[in-house]
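*Asks:* Here is the input, now give the coordinates:
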Amino acid sequence: MGYDDDSNGCVIGVTYPKSGTRIWVGYRREAGREDTWYVAFTGEVFDWVAVNESNRVIMQFPSTGYQIEFSKALGIRWKDHKGLLITNFKREFWQWLKDAKNVIVVHNGQSIVNLNLDGSSNALDKVVDCQRNNMDTVPSPRKAEPKPAPKPKEKMIGSGTGFFVTNKHVMTNNHVIEKCGDKIQLSNRDMWGPGSVVAKVVAQDAEHDLALLESNVQSNHVAKLHIGPISLGESVWVYGFPLQDILSAPNFTSGMIAATSGLKNNVNELQITAPVQPGNSGSPLLDKFGNVVGVVDSKLNAIKVSVEKNDIPQNINFAVKASVAISFMSTNGIESTTSTESKRIDPVEIAKTAQSFTINIRCEVKAES
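*Replies:* Down below sits the predicted model:
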């Protein structure tokens, strides 16, 4: 880490030996302007990049379920390899990197790199301290030049899944909406066609990672929440909207109940083997009768575990139990539709049932104050 004269700001770089990829994060300072952040990725995996040309890329933060879309990531060359430079992040980007456990860079629907960000919080604090210590290093004003046309601001987009539990209330995870601005959009082509409707947050439970939204348009179908115990080994299905810029949406996956408690024996959760991805947060977990038995909320961090245990865990995912969701609704004065249905239906019908009440959630993430 050090002070870079070219950008007039502090920068830190980290190399990932296995992939040979290097990530750079730093400040850029210009006279008379507010400092901004930039991030660059270089390495052999970026040798397809055309230098000085713009590329459309997506940065995904799976641990939070958020992503940032860019239309002008600049192709660069560093030593023997090429890379991508993304500039003009504002202050909130610093907090995003501190909160994230890993970052995925996607180009043309394909994942280019997936980098572990554990330990990045301390490193970024050091960059901030370095920049603070160099506040007197102000660049000389440049000669007046014609101002270029203003670039459209890149938006930080949050996305996830939710499902109707009344004709106007939607259940999802708290982490899906906790950083959203005022405008939360719901979409489901089968309900409303290609457009979207607006919703607002009416209740949150950070402890159990649940939230309730209220839609300005009613749904004709609602989920039936399972009451009663669920057994180890029962078949379950997940319906949701994962990795929207890569996968066809919606997605429907299957698995079973691997444990009737969650991480560290959390009795409020179920452990499941049904595959889930970023964007599945808030998805309904359905049983063989089409009832919702849980709300998908997380997956084990495979990258972190592989570093610590020298092994890659597979299909270790978690969902908040339906009983917890029912209690959350009751506490907020909202009556749930429950079921003890015992007539088994085939997976095709389960998917159709989920499709009738499950929606995609998207929002523009509010800036940190």
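*Asks:* my guess is G181 meets C363, correct?
*Replies:* Yes. Judged on Cβ atoms under 8 Å, G181 makes contact with C363 at a distance of 6.3 Å. To be clear about C-beta, it is placed using only N, CA and C from the backbone, and glycine gets the same treatment.
*Asks:* Tell me which of those two has more neighbours.
*Replies:* Per other Cβ atoms under 10 Å, whichever of G181 and C363 has more neighbours is C363, with 23 against 13.
*Asks:* Looking at strand pairing, list the partners for the more buried one.
*Replies:* On the basis of DSSP bridges, C363 is bridged to G158, I184.
*Asks:* what residues are up against it?
*Replies:* By Cβ atoms under 8 Å, 6 or more residues apart in numbering, the contact list for C363 reads I157, G158, S159, I177, C180, G181, K183, I184, Q185.
*Asks:* show me the contacts for the fourth one.
*Replies:* Just to be clear, that refers to I177. I177 makes contact with G158, G160, I184, V201, Q204, A211, L213, I361, C363, according to Cβ under 8 Å, 6+ apart.
*Asks:* Give me the helices and strands touching the longest strand belonging to the chain, please.
*Replies:* Looking only at the chain and at elements set by DSSP state E, the strand with the highest residue count is strand 66-78. Using 3 or more Cβ pairs under 8 Å, 6 or more residues apart in numbering; DSSP states H and E as the contact criterion, the secondary-structure elements in contact with strand 66-78 are strand 36-42, strand 54-61, strand 81-89, strand 156-164.
*Asks:* now these as CSV including mean neighbour count, mean pLDDT and distance to T172?
*Replies:* Output for the helices and strands packed on strand 66-78, formatted as CSV (neighbours: other Cβ atoms under 10 Å; pLDDT from 0 to 100; distance: least, Cβ to Cβ, whole Å):
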stretch, mean neighbour count, mean pLDDT, distance to T172
strand 36-42, 21, 83, 29
strand 54-61, 19, 81, 17
strand 81-89, 19, 81, 27
strand 156-164, 26, 84, 4
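*Asks:* Just the buried residues of the longest strand of the chain, please?
*Replies:* When neighbours are counted by 16 or more other Cβ atoms under 10 Å, the buried residues of strand 66-78 are found to be Y66, Q67, I68, F70, K72, A73, L74, G75, I76, W78.
*Asks:* Including distance to V103, could those residues go into a markdown table?
*Replies:* A markdown table is the format used below for these (distance: Cβ to Cβ, whole Å):
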| residue | distance to V103 |
| --- | --- |
| Y66 | 11 |
| Q67 | 10 |
| I68 | 10 |
| F70 | 13 |
| K72 | 18 |
| A73 | 13 |
| L74 | 18 |
| G75 | 19 |
| I76 | 18 |
| W78 | 18 |
